[in-house]
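Visitor: just coords:
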Ligand SMILES: Nc1nc2c(ncn2[C@@H]2O[C@H](COP(=O)(O)OP(=O)(O)OP(=O)(O)O)[C@@H](O)[C@H]2O)c(=O)[nH]1
Ligand SMILES: O=C(O)[C@H](O)COP(=O)(O)O
């Protein structure tokens with residue numbers, strides 16, 4: 001018998017200077033960049049602290065100051081769905097391909113290692129969707145491999161429902177996970193209160 005399933009975390013993140021444009025009315029470009037980097041450090045730190053996650057992979061053009069030993073997969077420059085599709089295809093072809101891939105947004109300042117462990121511990125043949133606070137967007141996805149190697153990412157309007165349909169198309173069981181750490185992404189200025197533990201606004 002082999003050991004427990006191997007699980008990797010894939011964190012998509014836009015290029016430095018390009019993220020969190022919806023916060024432009026509240027934060028300068030430099031402040032947005034500092035926030036993006038602080039949240040990326042927090043999410044990568046939570047993944048590093050999750051005992052069920054054995055490897056962290058970034059999908060995007062910049063490292064955001066994260067450890068040099070984190071694998072980075074480049075971005076074709078055609079948006080989030082294309083970036084994740086290309087990273088998933090690359091990972092699925094690797095000899096060390098994990099049994100499960102958790103795709104987790106880089107803008108979750110309240111995520112904990114426990115959240116990542118729960119996403120990692122999904123039953124076989126099961127996809128897990130972590131919606132945002134509105135119940136419509138997707139903040140994390142846990143996908144079994146190789147069954148979900150051809151998963152088409154559907155970030156955009158109503159992505160939680162669309163990701164459910166896509167997982168069902170692949171014949172997977174679908175579960176939803178709700179937690180404070182997974183729900184609270186930072187999209188709008190009114191969300192910034194949830195980032196206060198990782199980033200201080202000094203004006
Ligand atoms: N690699 C990559 N990551 C992306 C891309 N678009 C979004 N992301 C990341 O996906 C996650 C969720 O995206 P959003 O919440 O829309 O964040 P954002 O694009 O920085 O915010 P806005 O500019 O306000 O839309 C964040 O971690 C983003 O950095 C993309 O085109 N390529
Ligand atoms: O599909 C989604 O969840 C969003 O379009 C991408 O994430 P956001 O809600 O953080 O922008």
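Guide: Okay, I see it. These numbers were taken from a predicted model, which means no experiment stands behind them. Ligands and ions are numbered 1, 2, ... in the order given.

Visitor: separation between the closest residue to residue 5 other than its chain neighbours and residue 53?
Guide: Spatial nearest neighbour of residue 5, excluding adjacent residues (C-beta to C-beta, 6 or more residues apart in numbering): residue 99 at 3.6 Å. In short, each C-beta sits where N, CA and C put it, glycine included. Separation of residue 99 from residue 53 (C-beta to C-beta, to the nearest Å): 12 Å.

Visitor: where do the contact lists of these two overlap?
Guide: Counting by C-beta atoms under 8 Å, 6 or more residues apart in numbering, the residues touching both residue 99 and residue 53 are residue 7.

Visitor: which of the two has more neighbours?
Guide: Of the pair residue 99 and residue 53, residue 53 is the one with more neighbours under other C-beta atoms under 10 Å, namely 23 against 16.

Visitor: My read is that that one contacts residue 100, right?
Guide: No. Between residue 53 and residue 100 no contact is recorded; they are 9.5 Å apart, counting by C-beta atoms under 8 Å.

Visitor: Can you pull the residues that touch both of these two?
Guide: By C-beta under 8 Å, 6+ apart, the residues touching both residue 53 and residue 100 are 7, 8, 120.

Visitor: filter those residues down to the ones close to ligand 2.
Guide: Counting by C-beta under 6 Å from any ligand atom, nothing from the shared contacts of residue 53 and residue 100 sits close to ligand 2.
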